[in-house]
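**Student:** sequence plus predicted model, see below.
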Amino acid sequence: MATIGHNNLNAKLVLLGDMGAGKSSVVLRFVKGQFLEFQESTIGAAFFSQTLAVNDATVKFEIWDTAGQERYHSLAPMYYRGAAAAIIVYDITTQESFSRAKKWVQELQKQGNPNMVMALAGNKADLEEKRVVLAEEARTYAEENGLFFMETSAKTAKNVNEIFYEIAKKLPRAQAPQNPAGMVLVDRQGDAARASSCCS
Ligand SMILES: Nc1nc2c(ncn2[C@@H]2O[C@H](COP(=O)(O)OP(=O)(O)OP(=O)(O)O)[C@@H](O)[C@H]2O)c(=O)[nH]1
């Protein structure tokens, strides 16, 4: 069976969730391996990119970290439109952030890309003593709604790389109908030019 040697994917990924749930912290941990106790609240959105090797492929994530404050809600469609993947983040220490996560899932189900790979991240898993959202409740919800679920901690790094890795593994299959030949051509130079002009 023929295999495609240079199987490079570019994947737009968006993080959504309540303010303070830890979206920026999860991205910062994944992209830079850092954690800040006093991470500033995001204004509008922030862009990052990071490449992962998965089996014989590389996936370059183009990551949009959206602002969780309600006043930025109307901007969100700009970031999730055309996204191949979404991580919906809640904070395991607040029920409100879990409710907010469910609302994001509903919105994506109605208005997002139907092939989108969706992950539910129960963040701040290091704060076990303050937990109010049970992992089982979130897992059941995720299964019923076609998401995969992991508890993460941007602070300790628990499951942060893993959640992106899982998404990367699910992407080619999820995108297969859009690329019937199973091949994605990446213009690396054009890519770099676009990234620098859009987000420097
Ligand atoms: N203990 C703990 N604190 C965390 C974790 N992730 C984030 N925080 C803290 O939670 C606060 C909010 O984190 P952010 O990453 O700014 O949250 P956000 O979802 O990006 O917030 P907005 O930009 O307002 O939408 C910061 O003070 C972080 O240090 C975690 O896994 N564990």
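**Tutor:** Good, I have the coordinates. Numbers count the residues shown, from 1 in each chain.

**Student:** packing partners for the host helix or strand of Q50?
**Tutor:** Assigned by DSSP states H and E, Q50 belongs to strand 45-54. Using 3 or more CB pairs under 8 Å, 6 or more residues apart in numbering; DSSP states H and E, the elements in contact with strand 45-54 are helix 23-32, strand 57-66, helix 160-175, helix 188-199. C-beta: built from backbone N, CA, C; applies to glycine.

**Student:** now do the second one against helix 23-32, angle only.
**Tutor:** Between the axes of strand 57-66 and helix 23-32, defined by axes from the mean of the first three to the mean of the last three CA atoms, to 10 degrees, the angle is 150 degrees.

**Student:** can you give me the buried ones in whichever helix or strand comes after strand 57-66?
**Tutor:** Counting by DSSP H and E, the next helix or strand C-terminal to strand 57-66 is helix 76-80. Using 16 or more other CB atoms under 10 Å as the test for burial, helix 76-80 gives A76, Y79, Y80.

**Student:** check stretch 64-72 too.
**Tutor:** Buried-residue list, stretch 64-72, by 16+ other CB under 10 Å: W64, D65, T66, A67, G68, Y72.

**Student:** that one close to the ligand?
**Tutor:** Yes. Using CB under 6 Å from any ligand atom, stretch 64-72 reaches the ligand at A67, G68, Q69.

**Student:** same list, the residues you listed, but as a markdown table with pLDDT and distance to A154 please.
**Tutor:** Shown next, in a markdown table, are these (pLDDT from 0 to 100; distance: CB to CB, whole Å):
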| residue | pLDDT | distance to A154 |
| --- | --- | --- |
| A67 | 96 | 17 |
| G68 | 95 | 14 |
| Q69 | 95 | 19 |
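
**Student:** understood, closing this out.
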